[in-house]
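# need the 3D shape of this:
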Amino acid sequence: MLKIILVSSIWLNVGLLLGRFSGFVREAVVASVFGASERADTVVLVLTIPDLLISILVGGALGAVLIPRFSDKPDMAKRLLYQSSVVMFFLFSIIALSLFINVEALVHLLAPGFSEAQRVGTSSIMRWVLWLLPVTVLAGAATAFLHSQNRFFVPALGTLIINSTVIVGILMTLVWKDTLLLIAGAVVFGGVLRLLSQLSLVKLKWTPVAALEPWQIDRQLCLHYIQAMASGSLLLLFPVFARAYVSFEPAGSIAIFNYTLRLIDFPLLLGVTFLATVFFPRLSSSFNESREVHDQWVSLGLRCTLVLAVVCVAVLLTLNQFYSDFVYGYGKMRVQDLDQINSLLTIGLIMIPFQGMAVFLTAVSNSRRNTRTPMLINAVGLILFIIMCQAELLGSGLTSVMLTLLVSYILVSVAFCLSVKIAGKPSLRSLLSIETIFGMLVVIILLFLSLRWLVDSQLPSILALAIGVVSGATVLAGLAYVSRSHWQNLQSVEPQDQ
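So this is what the prediction gives:
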């Protein structure tokens with residue numbers, strides 16, 4: 001099983017790397033073509049609102065409820081996949097139609113600072129992108145099925161497929177300068193291609209009526225989906241509300257804030273939260289098989305998440321100037337815009353460990369069929385975030401919004417660490433052990449000393465970042481070797497039939 005985890009991690013990371021790199025290229029193309037302008041704000045909103053809606057309504061919720069069912073009843077897995085796909089497709093088609101009709105209200109809700117003309121222009125493009133929703137829900141169900149089979153690579157390529165088509169659409173606007181509808185068409189086309197790539201692996205038999213019996217979707221499954229969706233959506237709403245507050249700042253502020261969030265999302269997903277995806281099928285099955293093994297998987301996964309997050313933060317905080325310049329330092333981006341991104345990035349990178357722990361412990365709760373606790377924690381955290389922003393407790397402007405976002409993630413992650421138990425004790429105790437704290441200090445000191453000289457060097461950004469990645473990987477390899485006994489102990493207590 002450990003070999004499966006390792007191989008799955010490699011394949012998932014390869015797919016995520018390609019997808020996230022294409023995301024970097026996409027953001028760089030947007031920044032290069034539109035800069036930090038009112039037009040850039042429109043493009044950013046057109047690209048992020050569909051991502052937001054899909055992440056809220058589909059996101060990890062489908063996987064959180066379907067993967068345990070697929071694992072419990074493998075002989076009925078494809079039947080459940082088909083039934084859930086049919087139900088969700090019709091449901092999300094209705095949602096897409098409703099949003100299509102009320103698209104201006106949606107844009108006003110998420111960007112209240114937009115002028116009337118900008119809101120109307122954005123809405124005319126946004127209404128077509130919304131049809132990505134029913135297509136993506138089918139891909140989400142197929143992804144959950146493939147993950148339950150420990151097949152991660154093709155689903156992970158979904159981001160690459162969509163970003164590639166979006167990049168083509170953005171570049172085409174250079175030829176047809178007065179239309180952004182090309183971007184909307186590219187988004188939907190990419191979603192269809194992603195769905196087809198996954199269906200080619202699932203290989204469902206075409207029995208549209210017979211596959212509806214026996215009916216697999218029960219009340220408990222629906223309840224867990226609603227709770228998991230609420231939990232995931234609440235966590236995702238933090239940056240959404242942050243962008244809404246930023247929309248009242250001068251033109252280009254949404255673009256700058258979003259560019260910064262993209263720089264944070266890349267290491268977060270590729271280097272940290274992927275563990276929740278890889279571990280989740282094993283967490284789900286071990287919860288039924290052996291609580292002792294399950295607790296050890298939780299402890300190991302949580303520590304690995306923290307270690308990976310600290311390495312990412314230590315490397316990128318040291319080299320943040322190289323990082324932002326490498327992605328956005330050309331085209332129509334101005335020096336003052338880059339300086340503002342770099343300033344926000346210094347704060348935002350610190351969020352990575354707390355976001356990583358919240359995501360992993362959410363996966364742990366879902367694997368235990370407890371979707372209610374993450375929902376409540378995220379709801380309270382979001383309310384506190386809104387209150388802090390509304391009262392301007394940390395000031396006003398982009399920097400204060402980013403600081404408020406950081407404080408909110410810290411509070412949420414601490415709440416998770418206190419509520420999710422390992423062997424009957426809060427998981428926070430596992431992170432506060434002398435061994436863990438000492439390991440984190442060693443990581444930070446080693447990386448700071450090994451990379452500090454790069455800050456004052458004249459090396460190209462890509463070379464400096466490459467040295468940082470190699471240094472981080474070397475430290476991780478050393479830590480893995482030192483802590484290999486944890487893996488060996490876990491292997492020894494796993495059921496032999498696994």
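# state the distance from V298 to L97.
Relative to L97, V298 is positioned 42 Å away (C-beta to C-beta, to the nearest Å). Any C-beta I mention is one placed from the backbone N, CA and C, and that applies to glycine too.
# more crowded one of the two?
Between V298 and L97, counted using other C-beta atoms under 10 Å, V298 has the larger neighbour count: 26 against 14.
# SS state for that one?
Here V298 is recorded as helix under DSSP: H, G, I helix; E, B strand; the rest coil.
# would you confirm that it contacts R368?
No: counting by C-beta atoms under 8 Å, R368 is not a contact partner of V298; they are 9.3 Å apart.
# contacting residues for the spatially closest residue to L106 that is not a sequence neighbour?
Distance criterion C-beta to C-beta, 6 or more residues apart in numbering; nearest residue to L106, sequence neighbours excluded, is L99 at 5.8 Å. L99 makes contact with L53, L106, R127, L130, L133, according to C-beta atoms under 8 Å, 6 or more residues apart in numbering.
# contact partners for S123?
Neighbours of S123 in contact, by C-beta under 8 Å, 6+ apart: V103, E104, L106, V107.
# CSV please, covering those and showing distance to I49.
Output for the contacts of S123, formatted as CSV (distance: C-beta to C-beta, whole Å):
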residue, distance to I49
V103, 9
E104, 12
L106, 7
V107, 8
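# ranking by neighbours, what's the top pick from those?
Top of those by neighbour count (other C-beta under 10 Å): V107, with 25 neighbours.
# ok, it - contacts?
Contacts of V107 (C-beta under 8 Å, 6+ apart): L45, I49, F114, R119, T122, S123, M126.
# also H224?
Contacts of H224 (C-beta under 8 Å, 6+ apart): A64, V65, R369, T371.
# the third one touches S71, doesn't it?
This means R369. No: using C-beta under 8 Å as the test, R369 is too far from S71 to be in contact (11.9 Å).
# who has more neighbours, these two?
Legend: neighbour count by other C-beta under 10 Å for R369 and S71, higher for S71 (19 against 15).
# phi, psi for that one please.
Note on S71: backbone dihedrals following degrees, to the nearest 10 are phi -70, psi -40.
# what's the mean pLDDT across the host helix or strand of V46?
Secondary structure from DSSP states H and E places V46 in helix 38-57. Averaging pLDDT along helix 38-57 gives 74.
# likewise for stretch 419-430?
83.
# what does stretch 462-481 give?
83.
# how far off centre is that stretch?
23 Å (C-alpha atoms, centre = their mean, to the nearest Å).
# mind listing what's buried in that stretch?
Within stretch 462-481, the residues that count as buried by 16 or more other C-beta atoms under 10 Å are A464, L465, I467, G468, V469, S471, G472, V475, L476, L479.
# neighbouring contacts of the helix or strand hosting the fourth one?
G468 belongs to helix 461-482 when elements are defined using DSSP H and E. Residues outside helix 461-482 that contact it (C-beta under 8 Å, 6+ apart): 307-308, 311-312, 314-316, 318-319, 322-323, 325-326, 329, 439, 443, 446-447, 450-451, 454, 457, 459.
# so what pLDDT did the nearest residue to Y330 once chain neighbours are set aside get?
Using C-beta to C-beta, 6+ apart and skipping residues adjacent in sequence, the residue nearest Y330 is S32, 6.2 Å away. We have a pLDDT of 81 for S32.
# what's near enough to touch K332?
Counting by C-beta under 8 Å, 6+ apart, K332 touches A31, S32, V33, F34, G35, A36, S37.
# now do it, the pLDDT please.
K332 carries a pLDDT value of 73.
# is it fair to say it lies in a strand?
No: counting by three-state DSSP, one finds K332 to be coil, located in no strand.
# strands of this protein, start to end?
With strands called from DSSP state E, the chain shows them at 421-422, 425-426.
# closest to I226 out of these?
strand 421-422 (24.1 Å; C-beta to C-beta).
# check the offset of the closest one from the chain's centre.
With C-alpha atoms, centre = their mean, you get 24 Å for strand 421-422.
# again with stretch 337-353
For stretch 337-353, the distance to the chain centre is 18 Å (C-alpha atoms, centre = their mean).
# repeat for stretch 282-296
25 Å.
# what do you get for stretch 279-294?
23 Å.
# list the buried residues in it.
Buried, per 16+ other C-beta under 10 Å, within stretch 279-294: F279, F280, P281, R282, L283, S284, S285, S286, F287, S290, V293, H294.
# could I get those residues as JSON lines with distance to L221 and pLDDT?
Compiled in JSON lines, these are given as follows (distance: C-beta to C-beta, whole Å; pLDDT from 0 to 100):
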{"residue": "F279", "distance to L221": "22", "pLDDT": "80"}
{"residue": "F280", "distance to L221": "17", "pLDDT": "76"}
{"residue": "P281", "distance to L221": "17", "pLDDT": "73"}
{"residue": "R282", "distance to L221": "21", "pLDDT": "77"}
{"residue": "L283", "distance to L221": "18", "pLDDT": "83"}
{"residue": "S284", "distance to L221": "14", "pLDDT": "78"}
{"residue": "S285", "distance to L221": "18", "pLDDT": "77"}
{"residue": "S286", "distance to L221": "21", "pLDDT": "82"}
{"residue": "F287", "distance to L221": "17", "pLDDT": "83"}
{"residue": "S290", "distance to L221": "24", "pLDDT": "81"}
{"residue": "V293", "distance to L221": "25", "pLDDT": "84"}
{"residue": "H294", "distance to L221": "21", "pLDDT": "86"}
